[in-house]
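# Next come a sequence and a model predicted from it.
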Amino acid sequence: MLTESTIHLYILKIGFNVNIGQEILELLKEEVTESEFNRYIRQLQYDVKKSTPELAIFYAPNALVLNWIKNKYTDKIAHLFEVKSHNKVTVQIALKNTIDKRKKVKAVEVKHGNSLLNPSHSFSNFMVGGSNQFAYAAVKSVSENAGRVYNPLFLYGGVGLGKTHLMQSAGNVFQNEGKVVIYTTVEQFLNDFTRSIRNNTMERFREKYRTCDVLLIDDIQFLSNKEGIQEELFHTFEALKGDGKQIIFTADKHPKKIAGLEARLQSRFEWGLVADIQPPELETKIAIIEKKCEINKVVLSKDIVNYIATVIDSNVREIEGILSKLHAYSQLMHVDIDIEFTKNVLKDQIAEKRENLTMDSITQVVAKDLNIKPSEIKSKGRSKNIVYARRIAIFICRELTQNTMPQLAQYFGMKDHTAISHTIKKINSLIVDDEDFKVKIDELSNKLTNIT
Ligand code: ADP
Ligand code: MG
């Protein structure tokens with residue numbers, strides 16, 4: 001039997017393959033001429049032992065190869081790592097003999113954060129629904145009118161809701177138009193800044209950030225209480241904005257809610273357009289899962305897609321982890337992925353909160369989701385949406401709490417336990433006949449039993 005830990009190991013293995021460095025070099029083969037490949041890239045050696053998921057170390061046999069790779073291909077190598085391992089990887093290239101002699105490693109560290117755009121972040125791969133359509137439309141419009149519509153554009157929303165994806169989608173459009181695009185996180189911007197101060201290269205730093213065509217800065221909330229970098233960003237902003245260059249920011253919250261920001265910077269964040277992204281609704285989650293399956297060449301039945309959509313909360317990033325687990329399994333066992341296994345895989349994801357569930361908490365969650373009042377669910381109202389909500393609430397209370405039929409009847413204002421048992425029979429037949437109804441029940445049940 002395939003255990004969780006075997007799968008985990010397998011994922012680690014395919015994720016951070018011992019030969020990943022070699023694989024990356026093979027991929028580079030496609031991008032260079034044969035003689036370039038043989039003269040330079042083939043000479044690189046990947047250090048399996050010292051490299052980590054965040055740091056890839058290669059050795060070059062001499063300074064010529066080192067400089068050539070450093071100037072032309074470190075960004076590309078870092079990028080391929082990121083695409084393959086989904087990790088931000090710093091690439092170091094060092095001279096082989098300096099390492100062998102155990103001298104201080106004079107590694108050439110290349111910060112790839114700037115202008116590194118993940119090409120799979122595109123508008124066409126981004127699934128749009130009510131939760132993100134405003135942000136999507138704003139970014140799309142900016143991508144078609146750089147510097148002319150919303151400048152700056154400020155995107156905000158919770159973790160894993162697609163802010164970086166959207167921002168980079170615009171970045172990719174600009175880059176394909178030949179614009180100089182800098183993508184950086186606040187952290188990388190800060191590192192670059194402090195390094196420039198240390199190395200006395202502020203002039204170069206300023207030239208880089210103030211003369212690009214498009215500046216994308218991710219995770220602005222990390223500016224909080226960091227005065228020096230805020231001032232630098234303020235002047236960078238003024239220079240770019242003055243030249244009509246497009247700037248896009250993201251953060252996990254509205255600029256007003258980010259503490260420890262200089263007032264002048266905070267106000268500039270709101271000069272253009274501030275757009276929020278909300279957690280995806282069920283249909284959007286389903287569309288995203290289907291898209292990710294397509295991209296990752298994973299085939300899942302509709303049942304399983306729906307199930308995953310109901311289990312994951314809102315962080316879309318979880319989807320990729322789940323798919324890679326399922327994919328690993330199907331590869332290992334040469335079998336199709338079935339619902340039982342999916343449930344097994346997702347077991348970890350689901351925390352049992354059943355003990356804490358009460359009829360009140362269930363009714364509240366159902367009411368909120370369906371946009372009616374809890375009191376209406378408990379009323380004798382016969383309108384279609386109230387009956388629908390009440391059925392769902394009763395069914396979930398029956399499934400997830402220890403309450404008896406008479407207790408349910410009393411709580412939901414029904415005559416007696418036969419009325420409840422009749423309702424439950426009705427619901428059971430609906431679950432078989434009405435796919436949407438079943439999905440809704442699953443979604444809400446999972447929501448109630450998930451850690452949020
Ligand atoms: P954030 O920056 O908001 O934390 P990301 O942009 O990194 O989130 O998104 C996390 C993952 O979810 C990425 O793999 C991204 O491609 C994916 N994702 C998020 N929203 C969508 C969407 N609407 N359609 C397709 N993929 C999405
Ligand atoms: Mg992000």
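Sure thing, it's come through. Numbers count the residues shown, from 1 in each chain. Ligands and ions are numbered 1, 2, ... in the order given.

# Distance from stretch 165-182 to the middle of the chain?
Remark: stretch 165-182 is offset 18 Å from the chain centroid, using CA atoms, centre = their mean, to the nearest Å.

# And for stretch 191-207?
Centroid displacement of stretch 191-207 relative to its chain, using CA atoms, centre = their mean, is 30 Å.

# Quick check: buried residues in that stretch?
Residues Asp192, Phe193, Ser196, Phe205, Arg206 are the ones in stretch 191-207 that count as buried (16 or more other CB atoms under 10 Å). C-betas here are computed from N, CA, C, even on glycine.

# Out of those residues, flag the one nearest to ligand 1.
Nearest to ligand 1 among the buried residues of stretch 191-207, counting by CB to the nearest ligand atom, is Asp192 at 20.2 Å.

# Counting by contacts, list what the one helix or strand the closest one maps to packs against.
For Asp192, the element it lies in under DSSP states H and E is helix 186-198. Packing contacts for helix 186-198, counted by 3 or more CB pairs under 8 Å, 6 or more residues apart in numbering; DSSP states H and E, involve helix 202-210, strand 214-218, helix 227-242.

# Let me have the buried residues of stretch 191-207 in CSV, adding distance to ligand 1 as columns.
As requested, those are exported to CSV (distance: CB to the nearest ligand atom, whole Å):
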residue, distance to ligand 1
Asp192, 20
Phe193, 22
Ser196, 26
Phe205, 25
Arg206, 27
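
# Leu357 and Phe437, how far apart?
Here Leu357 is placed at a distance of 21 Å from Phe437 (CB to CB, to the nearest Å).

# picking that back up, give me the angle between the helix holding Asp192 and strand 214-218.
Using axes from the mean of the first three to the mean of the last three CA atoms, to 10 degrees, the inter-axis angle of helix 186-198 relative to strand 214-218 is 110 degrees.

# returning to that earlier point: so which of the helices and strands packed on helix 186-198 is the most packed in?
The highest mean neighbour count among the helices and strands packed on helix 186-198, using mean count of other CB atoms under 10 Å, belongs to strand 214-218: a mean of 25.

# Just the angle for it relative to helix 227-242, thanks.
150 degrees.

# do the helix or strand hosting Gly321 and ligand 1 meet?
Secondary structure from DSSP H and E places Gly321 in helix 317-333. Yes. Shown here: helix 317-333 in contact with ligand 1 (CB under 6 Å from any ligand atom) through Arg317, Glu320.

# which other residues reach the very next helix or strand once past that helix?
Note on helix 317-333: by DSSP H and E, the next helix or strand toward the C-terminus is helix 339-346. Residues from elsewhere that reach helix 339-346 (CB atoms under 8 Å, 6 or more residues apart in numbering): 4, 7, 300-301, 303-304, 307-308, 311, 322, 325-326, 329.

# Apply 7 Å and report the result again.
For helix 339-346, the surrounding residues in contact (CB atoms under 7 Å, 6 or more residues apart in numbering) are Asp303, Ile304, Tyr307, Ile308, Val311, Ile322, Lys325, Leu326, Tyr329.

# Run through the residues that contact Lys29.
Shown in contact with Lys29 (CB under 7 Å, 6+ apart): Phe37.

# can we see that at 10 Å?
The contact partners of Lys29, taken as CB atoms under 10 Å, 6 or more residues apart in numbering, are Glu36, Phe37, Asn38, Ile41, Arg42.

# separation between the residue of the stretch 251-400 of the chain found nearest ligand 1 and Leu323?
Ranking the residues of the stretch 251-400 of the chain by distance to ligand 1 (CB to the nearest ligand atom) places Val316 first, at 3.5 Å. For Val316, the distance to Leu323 (CB to CB) stands at 11 Å.

# Same drill for the two, tell me which one is more crowded.
For Val316 versus Leu323, neighbours defined as other CB atoms under 10 Å are more numerous around Val316 (22 against 19).

# So the more buried one is in contact with Lys292, correct?
Yes. Contact criterion CB atoms under 10 Å: Val316 and Lys292 qualify, at 8.7 Å.

# Quick check: neighbours shared by the two?
Residues touching both Val316 and Lys292 (CB under 10 Å, 6+ apart) are Met127.

# what separates the residue in the chain that ligand 1 sits nearest to from Val316, distance-wise?
Nearest residue of the chain to ligand 1 (CB to the nearest ligand atom) works out as Gly162 at 2.8 Å. The spacing between Gly162 and Val316, counted by CB to CB, is 6 Å.

# Identify the contacts common to these two.
Common contacts of Gly162 and Val316 (CB under 10 Å, 6+ apart): Met127, Asn132, Pro280, Thr284, Ile288.

# Now the phi/psi pair for the last one, please.
Per-residue torsions, Ile288: phi -70, psi -40 (degrees, to the nearest 10).

# ok, it - contacts?
Contacts of Ile288 by CB under 10 Å, 6+ apart are 125-129, 132, 162, 280, 305, 309, 312, 316, 319-320.

# For ChimeraX, write a command that selects the buried ones of these.
Of the contacts of Ile288, the buried ones can be selected in ChimeraX as follows, counting by 16+ other CB under 10 Å:
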select :126,127,128,129,132,162,280,305,309,312,316,319,320
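
# Redo the contacts of Ile288 as TSV? Include secondary structure and pLDDT.
Converted to TSV, those look like this (DSSP: H, G, I helix; E, B strand; the rest coil; pLDDT from 0 to 100):
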residue	secondary structure	pLDDT
Asn125	helix	92
Phe126	coil	95
Met127	coil	95
Val128	coil	95
Gly129	coil	93
Asn132	coil	95
Gly162	coil	95
Pro280	coil	90
Val305	helix	92
Ala309	helix	88
Ile312	coil	78
Val316	coil	84
Ile319	helix	84
Glu320	helix	81
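
# near ligand 1, which residues of this structure?
Within the chain, the residues that sit near ligand 1 (CB under 6 Å from any ligand atom) are 125-127, 132, 157, 159-165, 288, 291, 316-317, 320.
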